[in-house]
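A.B. asks: coordinates only, sequence not included:
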């Protein structure tokens, strides 16, 4: 039997930090591996070289800096984890990765907006709740 995988999407917010605390607890209880996920903004496709490469380097440096505190928290607690940085809309990518990696659970933070406002704004948590192939724990 394979090790269960908990998907932990992060965005650098306090909500993501709280979700990380839950992921740590549940990973211990489930003997699970955590897949730390960050979705960065799209690369600017209209730039030519060398500006395009500079833009990619900047976006990736920002993404790595954002993910690093979460990596440190997981490493400090000796939780088995891998991290993944992808380009694209977070709601779609979270669901895609959960499906591809056969995740047992998604644990994510939410700003706690109301249902109606979440629908109108295209809330990431709302989309994941509706489309994820596995259970989703939303932490506020």
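C.D. replies: Everything's here; your move. In this text the structure is predicted, and so the values were computed from the model without any measurement.
A.B. asks: which SSE is immediately downstream of the worst-scoring helix or strand of the chain on mean pLDDT?
C.D. replies: Taking mean pLDDT, DSSP states H and E as the measure, the chain has helix 115-121 as its least confident helix or strand, at a mean of 50. Read in the C-terminal direction, the helix or strand following helix 115-121 is helix 124-131, with elements assigned using DSSP states H and E.
A.B. asks: buried residues, the following helix or strand past that next one. List them.
C.D. replies: Along the chain past helix 124-131, the next helix or strand (assigned with DSSP H and E) turns out to be strand 136-139. Neighbour-count burial for strand 136-139 flags 136, 138, 139 (criterion: 16 or more other CB atoms under 10 Å). Every C-beta, even on glycine, is put in place using the N, C-alpha and C of the backbone.
A.B. asks: also stretch 15-24?
C.D. replies: If you call a residue buried by 16+ other CB under 10 Å, then stretch 15-24 has these buried ones: 15, 16, 19, 20, 22, 23, 24.
A.B. asks: out of those residues, which is nearest to residue 99?
C.D. replies: Minimum separation from residue 99 among the buried residues of stretch 15-24 (CB to CB) is found for residue 23, which lies at 18.8 Å.
A.B. asks: any idea which element the closest one lies in?
C.D. replies: Secondary-structure assignment from DSSP H and E places residue 23 in helix 14-30.
A.B. asks: list the helices and strands that helix packs on?
C.D. replies: Counting by 3 or more CB pairs under 8 Å, 6 or more residues apart in numbering; DSSP states H and E, the packing neighbours recorded for helix 14-30 are strand 5-9, strand 33-40, helix 51-76, strand 105-109, strand 136-139.
A.B. asks: sounds good, over and out.
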